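1. Fold the stuff below for me.
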Amino acid sequence: MGTYQSSKDEENQRLVMERLEALWDVTMVGLPMTAKVDALACRNGIATALIEIKSRNYTYDEVQGFGDIYVDREKIAAGQAMAKMLAIKFLFVVKLTDRLLCVAVHPDFDLSKLGSTVSRLNSPRDMNDEDDVVRLPIHKFKVIE
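-> Here you go, the predicted model:
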């Protein structure tokens, strides 16, 4: 898993965190890249959820046609482990061009059931970049905005 994050990625993440604060009445605390997940949601000073945020330049209808949203397996596994250790939820949030989606990833959920594939990404890190990814079924996501 790479650690590259563009300034646009950071801006999208900040905007999503601000929106989640308003929607969920929480304080979002950004985590360092070494944590492998993006943020911690807190209410009344108590951690309630770990959050991984992704932005995709697709509409909700386009994503429905894909059937799945791909995410780095290592990010999901790290989020699961941290959530289990902290006894809190792990939420995967996706910002689309027209919606905000969320799915809870249970700490004990077997990632092998989500299917694995190696994705060749056209990325700023490396044109031959490969990541082990899992497919999260779009029908499992809840539209939160």
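2. from here on, contacts and neighbour counts on C-alpha atoms
-> Noted.
3. Give me the residues contacting the longest helix anywhere in the chain.
-> Of all the elements of type helix in the chain, the one with the most residues (DSSP state H) is helix 7-24. Residues lying outside helix 7-24 but in contact with it, judged by Cα atoms under 8 Å, 6 or more residues apart in numbering, are V26, T27, M28, I53, K54, S55, K95.
4. Alpha carbons of it, in PDB - could you do that?
-> Once non-C-alpha atoms are left out, helix 7-24 reads as follows in PDB (Å, rounded to 0.1, in the frame of the first residue of the first chain):
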ATOM      1  CA  SER A   7      -3.300  18.000  -2.200                       C
ATOM      2  CA  LYS A   8      -6.600  17.400  -3.900                       C
ATOM      3  CA  ASP A   9      -7.000  14.100  -1.900                       C
ATOM      4  CA  GLU A  10      -6.300  16.100   1.300                       C
ATOM      5  CA  GLU A  11      -8.800  18.800   0.400                       C
ATOM      6  CA  ASN A  12     -11.500  16.200  -0.500                       C
ATOM      7  CA  GLN A  13     -10.800  14.400   2.800                       C
ATOM      8  CA  ARG A  14     -11.100  17.600   4.800                       C
ATOM      9  CA  LEU A  15     -14.400  18.500   3.100                       C
ATOM     10  CA  VAL A  16     -15.800  15.100   3.800                       C
ATOM     11  CA  MET A  17     -14.700  15.200   7.400                       C
ATOM     12  CA  GLU A  18     -16.400  18.600   7.800                       C
ATOM     13  CA  ARG A  19     -19.600  17.300   6.300                       C
ATOM     14  CA  LEU A  20     -19.600  14.200   8.600                       C
ATOM     15  CA  GLU A  21     -19.100  16.400  11.600                       C
ATOM     16  CA  ALA A  22     -22.300  18.300  10.700                       C
ATOM     17  CA  LEU A  23     -24.300  15.200   9.700                       C
ATOM     18  CA  TRP A  24     -23.300  13.000  12.600                       C
END
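5. Enumerate the positions of that helix that are buried.
-> Buried residues in helix 7-24, defined by neighbour count with 16 or more other Cα atoms under 10 Å: N12, Q13, R14, V16, M17, L20, E21.
6. returning to that earlier point: which of the contacts of helix 7-24 has the largest number of neighbours?
-> Ranked by neighbour count under the definition other Cα atoms under 10 Å, these are headed by M28 with 24 neighbours.
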